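**Q** coordinates only, sequence not included:
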């Protein structure tokens, strides 16, 4: 069974906005998801955040098209009452990061991939917080 990987917003932005040089590694992760060797998960919250960030650069219509295409390749991680409660009481300084973290845990992800590892507490033995480069090195073993 393929490992489940929650992608932080910045990884999706790399791909959607073709942000160099980061798009290379992020693109490889999406390719691995497309091939079925990993299962890509994005929290439902991320779609709103992505739209908000990419709309000024791409316009509303093009942004919606890109997000619809993205949805074909990812599973949407749910954020329920328990997830929100844990995030709110976690003591994390950034609520969005806490929501991403608990979404990963509640959706049985083994990895959370981000370029901002310092934003996440690595206090779970069941969830590894890795950069795209670290994940690709580990996944190719």
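**A** Nice, I can see it. All figures in this text were calculated on a predicted structure; none of them were measured in a lab.
**Q** which ones are touching the closest residue to residue 90 other than its chain neighbours?
**A** Closest residue in space to residue 90, ignoring its immediate chain neighbours: residue 98 at 4.8 Å, by C-beta to C-beta, 6 or more residues apart in numbering. For glycine as for every other residue, the C-beta is placed from the backbone atoms N, C-alpha and C. Shown in contact with residue 98 (C-beta atoms under 8 Å, 6 or more residues apart in numbering): 86, 87, 88, 90, 92.
**Q** now swap in residue 14 and tell me
**A** 22, 23, 25, 26, 27, 115, 132.
**Q** returning to what we had before: can you put the contacts of residue 98 in TSV and add pLDDT?
**A** Output for those, formatted as TSV (pLDDT from 0 to 100):
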residue	pLDDT
86	95
87	95
88	97
90	92
92	92
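**Q** Output these as a markdown table; include the columns neighbour count, secondary structure and distance to residue 61.
**A** Formatted as a markdown table, the contacts of residue 98 follow (neighbours: other C-beta atoms under 10 Å; DSSP: H, G, I helix; E, B strand; the rest coil; distance: C-beta to C-beta, whole Å):
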| residue | neighbour count | secondary structure | distance to residue 61 |
| --- | --- | --- | --- |
| 86 | 17 | helix | 36 |
| 87 | 20 | helix | 32 |
| 88 | 13 | helix | 35 |
| 90 | 16 | coil | 37 |
| 92 | 18 | coil | 35 |
